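Novice: sequence? don't have it. structure:
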């Protein structure tokens, strides 16, 4: 029943590649910003917090449009990146990954921030008396203790990236083989006469992928949590 | 050896203490809220005094006139906290080894074995802190502080969270530590019984000030005060 055509396979592989890259590239920024928001007080903190959460509340089409005018080939950031590094986002899968990363970022930051805030800072003080400087404390105490939250945030970001539609299609359009993700492919098939079967197959794949991601995150989080309670 | 002469304002509470500690065990004794924990936090570098000077040997750890404030990770001051504060994500062996790891020194199995034997924790090495009893946890915390090879050991009410039976279990280890390890110790407690057993010198504190410094006999005065 579930025999996929090459085009459908391409959309699935592309979606996975985009979601993995979006999550992995967003991760270091997400950890850094979550740490800053959890631990530092500075002028403009609410503004940074607001900017990070903006994609969560903005219509995705608006986020996509903002990306288009700033990261497009003629946009200020896009032009700079193209001239100096040869990086192009518009109408490429990299642009889709950027859009998905931006959309998933608030979920990533939120989960990591909560887990960093839950860490007993007295443990970090104990590490400092044992000779650990700030970077070592972060690497050996803060980061491992925040691991369940980091995993949860990565899964949320990955799932969001996998399902992202509005910002992606606005920013990089819907080009088969380049920017046509799983969601965009389903949308396209539902608009084509006789495309129901293909759309149905991709829906099954989407449900399966999301379920696997959820179960995997539960398993990782439970394992990480178990390490702190007993053997 | 240790010279403390500091002032600190904490809200309404003002702390102004001056004392020196030589080898052996110096006890900081006083009721809750007398500033004992603030003082050890300042010695360990976790709390910054407003004014004054803290020196170990002839090396200043804090000196407000010279603008010196050595961060805690460069002080080599071991700290045993009231609640242990073992790292929950590491097993006992990794907790014990943490200070050595951070210092970049090579593993010293002989020293490790000595401390593990001294504290009777050899059977706990592969467990995680979550699986230890309160008494076991405190013994591991003492071992962890010892194995960083500190020049001074701070013990902040290390027995306060334990019941009488667990206290009795740990006390012999503390006495062995005093007699066998040649590290000067600052022992914080509000319990005269504990201090009578362990201390060489007693610094009696009340309301952020030193009331008396002397041998164990000044405890008697303190107890008399309580009933005066």
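Specialist: Looks like it arrived, so ask away. Note that the structure is predicted; figures quoted are calculated from it, not measured. Numbers count the residues shown, from 1 in each chain, chains lettered A, B, ... in the order given.
Novice: where does the prediction get shaky in chain B?
Specialist: Applying pLDDT under 70 to chain B flags residues B:221-228.
Novice: quick check: residues of it near chain A?
Specialist: Chain B has residues B:44-46, B:71-79, B:81, B:83, B:85, B:87-89, B:98-99, B:102-103, B:126-128, B:130-131, B:144-145, B:148 near chain A, with proximity defined as C-beta under 8 Å from any C-beta of the partner chain. Quick note: C-beta positions are derived from backbone N, CA and C, even for glycine.
Novice: if any of those residues are buried, give me the PyMOL selection for them.
Specialist: If you want just the buried ones from those in PyMOL, going by 16 or more other C-beta atoms under 10 Å in any protein chain shown, the selection is:
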select buried, chain B and resi 44+45+46+72+73+75+76+77+78+79+81+83+85+87+88+89+98+99+102+103+127+128+144+145+148
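Novice: residue B:202 belongs to a strand, doesn't it?
Specialist: Yes. Under the criterion used here (DSSP: H, G, I helix; E, B strand; the rest coil), residue B:202 sits inside a strand.
Novice: which helices and strands does the longest helix seen in chain A pack with?
Specialist: Among the elements of type helix in chain A, defined by DSSP state H, the one spanning the most residues is helix A:6-39. Helices and strands touching helix A:6-39, by 3 or more C-beta pairs under 8 Å, 6 or more residues apart in numbering or on different chains; DSSP states H and E, are helix A:45-57, helix A:93-117, helix A:147-163, helix A:182-190, helix A:196-226.
Novice: how about the last one and chain B, any contact?
Specialist: Read that as helix A:196-226. No. Legend: contact between helix A:196-226 and chain B by C-beta under 8 Å from any C-beta is lacking; minimum distance shown is 8.5 Å.
Novice: by how many degrees do that helix and helix A:182-190 diverge?
Specialist: Going by axes from the mean of the first three to the mean of the last three C-alpha atoms, to 10 degrees, helix A:196-226 is angled at 160 degrees with respect to helix A:182-190.
Novice: which other helices and strands contact helix A:196-226?
Specialist: If you count contacts as 3+ C-beta pairs under 8 Å, 6+ apart, helix A:196-226 packs onto helix A:6-39, helix A:147-163, helix A:182-190.
Novice: how about CSV for the helices and strands packed on helix A:6-39, with mean neighbour count and mean pLDDT added?
Specialist: Supplementary listing: those in CSV, determined by neighbours: other C-beta atoms under 10 Å in any protein chain shown; pLDDT from 0 to 100:
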stretch, mean neighbour count, mean pLDDT
helix A:45-57, 14, 94
helix A:93-117, 25, 95
helix A:147-163, 23, 91
helix A:182-190, 21, 92
helix A:196-226, 15, 85
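Novice: export those helices to a markdown table and tack on distance to residue B:189?
Specialist: As requested, these are arranged in a markdown table below (distance: least, C-beta to C-beta, whole Å):
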| stretch | distance to residue B:189 |
| --- | --- |
| helix A:45-57 | 41 |
| helix A:93-117 | 33 |
| helix A:147-163 | 37 |
| helix A:182-190 | 65 |
| helix A:196-226 | 35 |
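Novice: those: which one's closest to residue A:19?
Specialist: Nearest to residue A:19, of all those, is helix A:147-163, at 3.8 Å by C-beta to C-beta.
Novice: how many neighbouring residues does residue 65 have?
Specialist: With no chain named, the answer covers chain A. Other residues within reach of residue A:65 by the criterion other C-beta atoms under 10 Å in any protein chain shown amount to 17.
Novice: oops, chain B please
Specialist: 9.
Novice: select, out of the helices and strands packed on helix A:196-226, the one closest to residue A:212.
Specialist: Evaluated with C-beta to C-beta, the helices and strands packed on helix A:196-226 place helix A:147-163 nearest to residue A:212, the distance being 10.4 Å.
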